[in-house]
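Colleague: sequence-free structure coming up:
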Ligand code: G6P
């Protein structure tokens, strides 16, 4: 996610901003920039690439004179990584500069309106809308101006704003994006997270939604959304810097598991418009979708597992066959693909070599291609005909968690979109799915409220030698992802198996002490999986059941039950995987593994 830093004091701001941006680097970014107030004029320097490029451009900050400023590392969401899309952004009259972390949902609408009023845009970002809006709302007092802006913008944001009319002042605000504030004897500071501010203080003010802060040298004042002064309590930080980078979590993987509700919200936000799904920049005509003979989903690793779930979603709504294939197989198979097929490439990084090669192969054969990726401006995003970003934010742990669940939700959005465009999904069925999609982030949150039972379960099973995950239908797809999660970070042998296939071989491995985890989220297939669990139980296995529907029969059979929230059966893979991510995580921790960097694995596999 983007990183924000701000300083208002007596020293030169730019070197302090650069140092702060360095401590925000771990969040992931593709460009960086700073704005410093100098003799009543705002000086902006920004560029694509690493911070070293910005440091070089500004002579390590020495070339930017001034003691009030804002800095930013950008993780692209709207518009590719480039100099002009980097922050800060100027208002039209260059009297205001803005940095932003988050997504402005109604930016298109605001942009069109501002264009009608004569504002011209230099970038493709949603942030530039805010800069122009600040100018448009300017009432001569920056706090009141920002308060007016807040009435007009929707979405998530942490903002830092400079104004030439109040050259000693830096104003910041947040909603659904983190922002912390602190001070030392001579200055005030803002940042996206605590580590960037630890060199200055351990006493922080944690900004709440729609609280505004004004920093002037030696003073910090807080206001509510109506620009009325408020008091804030101090939060004392007693963690060390490395824990603080992980937001207080022991590992990035755990932090990212907990970020899922917010990431899922980002994936759906601005894509649900009334009773329809829409994606900016994608306009498949009804007649084109209607004539499609099929869909291919190509991907690697967990993204392939997301595709396996996506098949159920798209076949339900589009009623056309969906082929899901591992990209390294697809690319060499002489696949039957033509212009009457849609090829969807799914990838967190957008750089996986096999997925990219498979996409090129599909294009060569005439298919229309759609990339579902997280990293904006990545190779897949650039090369596919169309792109949908998952907006999960940077994922640092090698084992994907929020990257995967946001892919699932993006695929469901695509499924509803294709169903609606083809006319094969009734409005009432679409309404029900859209309602279920909107509820997912909150349900994901509820799945994270009490994780102690999962942790205790992991403590009981961390010595397991073999773990089998079994399920049918969509639960078979989830079993494969849950199994991969466990084996990749714990190094324990594990398989995800279609429950009905056990009897054709794998059941010979079941003996006293084998651990079998059954997923039972699909009402239609529940009894079948219960029978399969009974088969392994009689052969000595310990059985854990993952279900949203407890009953006496299952309780009697299973040694342990993990209850997950209920939702539409097509969306339940988002929720069933969360406790299993946590189970894998704690087993890895109890085995003393390097959770975030498992041996032999890479986050992004850019070679064949
Ligand atoms: C690597 C990662 C996996 C990921 C796979 C595909 O193996 O460790 O977590 O699922 O690559 O990566 P992609 O970036 O294409 O989703």
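Modeller: Cool, the structure landed. Predicted model only: the values in this text are computed from it and were never measured. Residues are numbered from 1 along each chain as shown.

Colleague: Which pLDDT value does the model give residue 1?
Modeller: For residue 1, the model assigns a pLDDT of 64.

Colleague: Close to the ligand: what parts of the stretch 201-350 of the chain are there?
Modeller: Those residues of the stretch 201-350 of the chain that sit near the ligand, judged by Cβ under 6 Å from any ligand atom, are 300-303, 347-349. C-beta coordinates here come from the backbone N, C-alpha and C atoms, glycine included.

Colleague: What of the chain?
Modeller: Applying Cβ under 6 Å from any ligand atom, we find that the chain lies next to the ligand at 300-303, 347-349, 352, 355, 398-400, 601, 603-605.

Colleague: at 8 Å what do you get?
Modeller: Contacts of the chain with the ligand, taken as Cβ under 8 Å from any ligand atom, map to 299-305, 346-352, 355, 373-375, 380, 398-400, 403-404, 407, 488, 601-605.

Colleague: Which ones among the residues you listed lie within helices?
Modeller: Counting by DSSP state H, the members of the residues of the chain next to the ligand that fall within helices are 301-305, 355, 380, 403-404, 407, 488.

Colleague: And the residues you listed, which two are furthest apart?
Modeller: Spatial extent of those (Cβ to Cβ) is set by the pair 380 and 488 at 22.1 Å.

Colleague: picking up where we left off before, in CSV: the ones in helices among the residues of the chain next to the ligand, plus pLDDT and neighbour count.
Modeller: Shown next, in CSV, are those (pLDDT from 0 to 100; neighbours: other Cβ atoms under 10 Å):
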residue, pLDDT, neighbour count
301, 97, 24
302, 98, 24
303, 98, 27
304, 98, 25
305, 98, 29
355, 96, 30
380, 94, 22
403, 97, 28
404, 98, 28
407, 98, 30
488, 96, 21
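
Colleague: Need the pLDDT of the residue nearest the centre of the chain.
Modeller: Geometric centre of the chain, nearest residue: residue 392, 1.1 Å, by Cα atoms, centre = their mean. Looking at residue 392, its pLDDT is 92.

Colleague: for residue 550, same thing?
Modeller: 82.

Colleague: continuing past the helix or strand bottoming out on mean pLDDT in the chain, what's the next helix or strand?
Modeller: Scoring the helices and strands of the chain by mean pLDDT, DSSP states H and E places helix 241-245 at the bottom, with a mean of 69. As assigned by DSSP states H and E, the chain's next helix or strand after helix 241-245 is helix 252-258.

Colleague: Packing partners of that next one?
Modeller: Contact here means 3 or more Cβ pairs under 8 Å, 6 or more residues apart in numbering; DSSP states H and E; on that basis helix 252-258 packs against helix 572-590.

Colleague: Mind giving me the packing neighbours of the helix it packs on?
Modeller: Using 3+ Cβ pairs under 8 Å, 6+ apart, helix 572-590 sits against helix 252-258, helix 402-422, helix 427-446, helix 452-461, helix 474-490, strand 542-547.

Colleague: any low-confidence regions in the stretch 201-350 of the chain?
Modeller: Along the stretch 201-350 of the chain, segments meeting pLDDT under 70 span 239-244.

Colleague: which residues of it fall in strands?
Modeller: 203-206, 212-216, 219-223, 229-230, 235-236, 272-273, 276-277, 294-299, 322-326, 341-347 (DSSP state E, counting those that start in this stretch).

Colleague: so which of these gets nearest residue 161?
Modeller: strand 212-216 (9.7 Å).

Colleague: Tell me the strands beside that closest one, with direction?
Modeller: strand 170-175 (antiparallel), strand 219-223 (antiparallel) (DSSP bridges).

Colleague: in the last one, what's buried?
Modeller: Neighbour-count burial for strand 219-223, with 16 or more other Cβ atoms under 10 Å as criterion, is recorded at 220-223.

Colleague: Pick the one among the ones in helices among the residues of the chain next to the ligand closest to residue 209.
Modeller: Distances from residue 209 to those, taken by Cβ to Cβ, are shortest for residue 403, at 26.0 Å.

Colleague: List the contacts of the closest residue to the closest one other than its chain neighbours.
Modeller: Nearest residue to residue 403 in three dimensions, chain neighbours excluded: residue 348, at 3.7 Å (Cβ to Cβ, 6 or more residues apart in numbering). By Cβ atoms under 8 Å, 6 or more residues apart in numbering, the contact set of residue 348 is 302-303, 373-375, 390, 392, 395, 400, 403-404, 407.

Colleague: Next, residue 348: phi, psi?
Modeller: phi -70, psi -50 (degrees, to the nearest 10).

Colleague: Residue 383 versus that one, what's the distance?
Modeller: Applying Cβ to Cβ, to the nearest Å, the value for residue 348 to residue 383 is 16 Å.

Colleague: Could you give the number of residues near the nearest residue to residue 603 once chain neighbours are set aside?
Modeller: Excluding the flanking residues, the one nearest residue 603 by Cβ to Cβ, 6+ apart is residue 398, at 4.9 Å. Neighbourhood size, residue 398 [other Cβ atoms under 10 Å]: 18.

Colleague: ok, residue 398 - contacts?
Modeller: Residue 398 makes contact with 488, 596-598, 601-603 under the criterion Cβ under 8 Å, 6+ apart.

Colleague: Which among the strands paired with strand 212-216 is found nearest to residue 14?
Modeller: Across the strands paired with strand 212-216, the minimum distance to residue 14, taken as Cβ to Cβ, is reached by strand 170-175, at 13.7 Å.
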